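In: this one's sequence-less:
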């Protein structure tokens, strides 16, 4: 089993790259908004109940996939590097899969803010993420989150053997997926 954790700031292209990677590998995509969009009609993701339910669904899916005979999973995540809880979350997910013999791959995406603001409005993103359809609110959230948290790692900060960082500002999702597949022989 393989677990690919695709991380980076909002609208960097994690889900879109994940969809492309899913097409060219036998891995299944579990993008972070799948659980957010499930819970949001009932409870805001910003609420205590909303966060608890999102995390509960994710944990159950990780548990079942890690025990399954699936070839692997691609998971997307916005990792705030200045929050200890986010480091612990990634570590917990990784250990769950590693304890069952999985190989873990960490792929960090980065892109210029201007490009991310454009990607925030793409039909593909809006189709899969209804909570992002209010573009004004979504852009404000993207900018305020970027100002509040550090959403890309410092050089050398991630000490994982299967780690790769890609600036995808000028690359298509398909190109990035091919790079990832080749780099990790997925």
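Out: Everything's here; your move. Every value quoted in this text rests on a predicted model; they were computed, and no experiment measured them.

In: now do the strands in this structure.
Out: Counting by DSSP state E, the chain has strands at residues 2-7, 28-30, 72-77, 103-110, 163-167.

In: what residues does the residue nearest the centre of the chain make contact with?
Out: The chain has residue 76 as the residue nearest its centroid, 1.6 Å off, counting by Cα atoms, centre = their mean. Residues near residue 76 by Cβ atoms under 8 Å, 6 or more residues apart in numbering: 5-7, 14-15, 18, 29-32. Where you see a C-beta, it was placed from the backbone N, CA and C, and this is true even at glycine.

In: ok, of these, which one's closest to residue 106?
Out: Taking Cβ to Cβ as the measure, residue 106 lies nearest residue 5 of the contacts of residue 76, at 5.3 Å.

In: tell me the contacts of that closest one?
Out: 75-77, 90, 93-94, 104-107.

In: just these now: which is nearest residue 55?
Out: Using Cβ to Cβ, residue 93 is the member of those that lies nearest residue 55, at 11.0 Å.

In: could you measure the closest one against residue 108, distance?
Out: Residue 93 sits 15 Å away from residue 108, taking Cβ to Cβ, to the nearest Å as the criterion.

In: likewise residue 80?
Out: In terms of Cβ to Cβ, residue 80 sits 13 Å off from residue 108.

In: mind listing what's buried in stretch 176-183?
Out: 176-177, 179-181 (16 or more other Cβ atoms under 10 Å).

In: these in helices, which ones?
Out: Among the buried residues of stretch 176-183, DSSP state H puts 176-177, 179-181 in helices.

In: outside of stretch 51-66, which residues touch it?
Out: With Cβ under 8 Å, 6+ apart, stretch 51-66 has contacts from 1, 3, 28, 30, 35-36, 38-39, 42-43, 45, 73, 75, 93, 96-97, 99-100, 102.
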